[in-house]
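Colleague: Okay, structure incoming, though there's no sequence with it:
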């Protein structure tokens, strides 16, 4: 059941905005593709879209360890290339881009120089399972998922908060594949895409910083599951689904009102709103495409 009206969601067709040029694609196998896409040819895998104030779009290319910039003129540029597997990104108030890197933990990128430096590589000398995505709140606290290879067979994925003062708190430790993460428009509710359970979890944030009464907000289906998330100004959520070729638009009650369909490829991995608009930009990793669609809700400013 999509919603209490028992109505199918309205379909919005996305358009291809731009495609990763052939000159920037890497042929051949990689350790990342052998582990995550065995038997498949993976010349790139795009994730982590985030805009800067000038309108440039930054994305990660996981197997190549690259951060790419797409200008307003749709020119692709390599900002940084390093020994890592960068996944989600979020923009800090100081203009730096923070990266959830599966191999190296939380990193910080200076977009002007391309320099990458570590922020948090481990917790009390214990390595992370493999961090995936991250989001800042209005106070500068960072929330991030530690997914690794967890799933229903091993529901030990974690969600952390790194306080602006440097304190690290474990919020969840029982998620089967925590992936995308978002805060609602008020900053008082945390949403987590739990990929292998094919669910979105909703967790209210308490005054002391802990979470309580975490529950399933919406459940999907498919060979993979929900990936990147973006909160809407209307209290809802947009959910990228990594095997169905769509992004689902949810209202504040968790009902699916619309779906945004990819015109190419089924692996919609992540998404972001153009700042201050209702224009949604999505990464489609199977084809290395950036998709765009105008939708009936705006992103959180």
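Modeller: Structure received. Bear in mind the structure is a predicted one, so any value in this text is a computation, not a measurement.
Colleague: hey, let's count contacts and neighbours off CA atoms from now on
Modeller: Fine.
Colleague: so how far is residue 301 from the nearest residue to residue 251 once chain neighbours are set aside?
Modeller: Sequence neighbours aside, residue 236 is the residue nearest to residue 251 in space, at 4.2 Å (criterion: Cα to Cα, 6 or more residues apart in numbering). Residue 236 is 14 Å from residue 301, where distance means Cα to Cα, to the nearest Å.
Colleague: which stretches of the chain aren't confidently modelled?
Modeller: Within the chain, no stretch has pLDDT under 70.
Colleague: picking that back up, and residue 236 and residue 301? which has more neighbours close in?
Modeller: residue 236 (23 against 12; other Cα atoms under 10 Å).
Colleague: Compute the first-to-last residue distance for stretch 244-258.
Modeller: For stretch 244-258, the end-to-end distance is 14 Å (Cα to Cα).
Colleague: Any idea how far that stretch is from the middle of the chain?
Modeller: Its chain's C-alpha centre and that of stretch 244-258 lie 16 Å apart, by Cα atoms, centre = their mean, to the nearest Å.
Colleague: Which positions within that stretch qualify as buried?
Modeller: 244-251, 254-258 (16 or more other Cα atoms under 10 Å).
Colleague: And stretch 80-96, by the same measure?
Modeller: Neighbour count says stretch 80-96 has 80-81, 84-92, 96 buried, by 16+ other Cα under 10 Å.
Colleague: And the contacts of it?
Modeller: 32, 47-52, 59-68, 97-104, 108-111, 114-116, 132-136, 140 (Cα atoms under 8 Å, 6 or more residues apart in numbering).
Colleague: For the residue nearest to residue 180 when sequence neighbours are not counted, grab the count of nearby residues.
Modeller: Among residues not flanking residue 180 along the chain, residue 228 sits closest, at 4.2 Å (Cα to Cα, 6+ apart). Residue 228 has 31 neighbouring residues, counting by other Cα under 10 Å.
Colleague: do you know how far residue 228 is from residue 64?
Modeller: Residue 228 is 20 Å from residue 64, by Cα to Cα.
Colleague: still on that earlier bit, restricted to helices, list the contacts of stretch 80-96.
Modeller: With helices defined by DSSP state H, the entries of the contacts of stretch 80-96 inside them are residue 32.
Colleague: Enumerate every residue touching the residue lying closest to residue 233 once chain neighbours are set aside.
Modeller: Among residues not flanking residue 233 along the chain, residue 300 sits closest, at 4.6 Å (Cα to Cα, 6+ apart). Neighbour list for residue 300: 185, 231-233, 276 [criterion: Cα under 8 Å, 6+ apart].
Colleague: Residue 224 too?
Modeller: So residue 224 contacts 195-196, 198, 241-243 (Cα under 8 Å, 6+ apart).
Colleague: Touching, residue 243 and residue 262? I think so.
Modeller: No: counting by Cα atoms under 8 Å, residue 243 does not reach residue 262; the two are 11.1 Å apart.
Colleague: neighbour-wise, which of these two wins?
Modeller: A side-by-side neighbour count of residue 243 and residue 262, using other Cα under 10 Å, places residue 262 first with 26 against 18.
Colleague: Next, the contact list for the more buried one, please.
Modeller: Applying Cα under 8 Å, 6+ apart, the residues contacting residue 262 are 13-15, 245-246, 268, 284, 291.
Colleague: can you redo those residues as a markdown table with distance to residue 151 and secondary structure?
Modeller: Formatted as a markdown table, the contacts of residue 262 follow (distance: Cα to Cα, whole Å; DSSP: H, G, I helix; E, B strand; the rest coil):
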| residue | distance to residue 151 | secondary structure |
| --- | --- | --- |
| 13 | 31 | strand |
| 14 | 30 | coil |
| 15 | 32 | strand |
| 245 | 21 | coil |
| 246 | 22 | strand |
| 268 | 20 | strand |
| 284 | 23 | strand |
| 291 | 28 | strand |
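Colleague: out of these, which one sits closest to residue 126?
Modeller: residue 268 (31.8 Å; Cα to Cα).
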